[in-house]
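> Got a sequence here, can you build the structure:
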Amino acid sequence: MAEALSVSVSAIIRFMLQPLPLLTIAGSDSGGAAGAQADLKTWAALGAYGMSALTAVTAQNSVLVQQVHFLPPEMVAAQIDAVLSDYGAAAIKTGFLGRVEIIEVVADRLAYWCRGGSETRPYIVIDPVLVNHRGEAMFGPDVADAYRRWLLPLADLVTPNAAEARLLGLGEDEQGSGGAGEQGSQSVAARVLIKGARRSDSEIVDVYWDGARRVELPQVLIDTTNTHGSGDTLSAAVCAFRAAGHDWPEAIHRAQAFTHAALRRGAGWRLGAGHGPLGHAPAESA
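Coordinates of the predicted model:
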């Protein structure tokens, strides 16, 4: 079912007169599994035209991140301006930003290029990268505060994992109830998709909140360690499906199906000694 869904949507996008231009503002993963690489692979598999504005260059593999080099904020801004002044974008996704000054400049350029009515401006998906694979905060509280102050007010959808949601004040309480709006964040987060809000031995549950309703979205848990880039992939796929004209709940549903299929395709791979990548390519072109 998931395979058929992703392939059918991919075919619809490919048969358009031209591909949808989508921009990722994110870090580069030298291992190719996450970050901008995951976003671009997702969009290529769905027939969209992916563009990138890099915020950082990392030396990493499936085991660890060895080194990070942040680009100067003015270079980040120059990439965004160059792309959007020429290609434009149907939707924009942010990923790894990591520094307050980069968050501020990204917010400034998005506010400039995305001004206008909802029917004319690109959709904005903010995927806040704030914790490592163990759920530990990677940055000081000033980074989460910069997200809340500058980027969340611009977002059409915010896609934190459970730990990131708690850092941003968008998480759920211990009983699994509540949500972003009930914690006073409705003014800065129009919609929230908490990735992996809850999990068990057999399923993983994402939670979507849009200010009026809270929806649990369970998926069968795939037994694999090859999950590096799965959060990026899900957010990028939501971005693509929303740009293609699906409403937010349907875009999320289709993105879940695409990500689940990618996880399943790469589940048995042995690329690297740690958490390996997903299989983004559709089965017939793999």
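> quick one: contacts for A163?
Applying C-beta atoms under 8 Å, 6 or more residues apart in numbering to A163 gives the contacts L130, V131, G135, E136, A137. C-beta here means a position set from N, CA and C on the backbone, and glycine is covered the same way.
> Quick one: neighbours of the spatially closest residue to P122 that is not a sequence neighbour, just the number.
Nearest residue to P122, sequence neighbours excluded (C-beta to C-beta, 6 or more residues apart in numbering): A89, at 4.6 Å. When neighbours are counted by other C-beta atoms under 10 Å, A89 registers 24.
> shouldn't A89 be in contact with I124?
No: using C-beta atoms under 8 Å, A89 makes no contact with I124, being 9.6 Å away.
> all strands for the stretch 51-200 of the chain, in order.
65-70, 91-94, 123-126, 157-158, 192-199 (DSSP state E, counting those that start in this stretch).
> Local confidence estimate at the residue nearest to P122?
A89 carries a pLDDT value of 97.
> mind listing what it touches?
By C-beta under 8 Å, 6+ apart, the contact set of A89 is P21, L22, L23, M51, V83, P122.
> for T259, same thing?
The contact partners of T259, taken as C-beta under 8 Å, 6+ apart, are S230, T233, L234, A237, L278.
> Let me have those residues in a markdown table, adding secondary structure as columns.
A markdown table is the format used below for these (DSSP: H, G, I helix; E, B strand; the rest coil):
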| residue | secondary structure |
| --- | --- |
| S230 | helix |
| T233 | helix |
| L234 | helix |
| A237 | helix |
| L278 | coil |
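> Return the member of those nearest to L40.
Each of the contacts of T259 was scored against L40 by C-beta to C-beta, and T233 proved nearest at 10.8 Å.
> dump the residue contacts of that closest one.
Taking C-beta under 8 Å, 6+ apart, one finds A38, D39, K41, T42, F258, T259, A262, L278, H280 in contact with T233.
> So the fourth one is in contact with G279, correct?
Okay, so that is T42. No: between T42 and G279 there is no contact under C-beta under 8 Å: 11.4 Å.
> Grab the most central residue of this protein for me.
S235 (2.9 Å; C-alpha atoms, centre = their mean).
> still on that earlier bit, distance of the residue nearest to P122 relative to P19?
Applying C-beta to C-beta, to the nearest Å, the value for A89 to P19 is 12 Å.
> Equivalent analysis for R199, please.
Distance from R199 to P19, by C-beta to C-beta: 35 Å.
> repeat for A36
A36 sits 18 Å away from P19, going by C-beta to C-beta.
> who's more crowded, these two?
Between A36 and P19, counted using other C-beta under 10 Å, the more crowded position is A36 (26 against 16).
> thought the more buried one was touching S28?
Yes: contact criterion C-beta under 8 Å: A36 and S28 qualify, at 5.4 Å.
> residues touching A36, list them.
T24, A26, G27, S28, D29, S52, L54, G95 are the contacts of A36 under C-beta under 8 Å, 6+ apart.
> Am I right that it is in a strand?
No: assessed with three-state DSSP, A36 is helix; it does not lie in a strand.
> possible to save the contacts of A163 as a markdown table with distance to K195, neighbour count and pLDDT?
Shown next, in a markdown table, are the contacts of A163 (distance: C-beta to C-beta, whole Å; neighbours: other C-beta atoms under 10 Å; pLDDT from 0 to 100):
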| residue | distance to K195 | neighbour count | pLDDT |
| --- | --- | --- | --- |
| L130 | 13 | 23 | 97 |
| V131 | 12 | 18 | 94 |
| G135 | 12 | 13 | 85 |
| E136 | 17 | 9 | 90 |
| A137 | 17 | 15 | 92 |
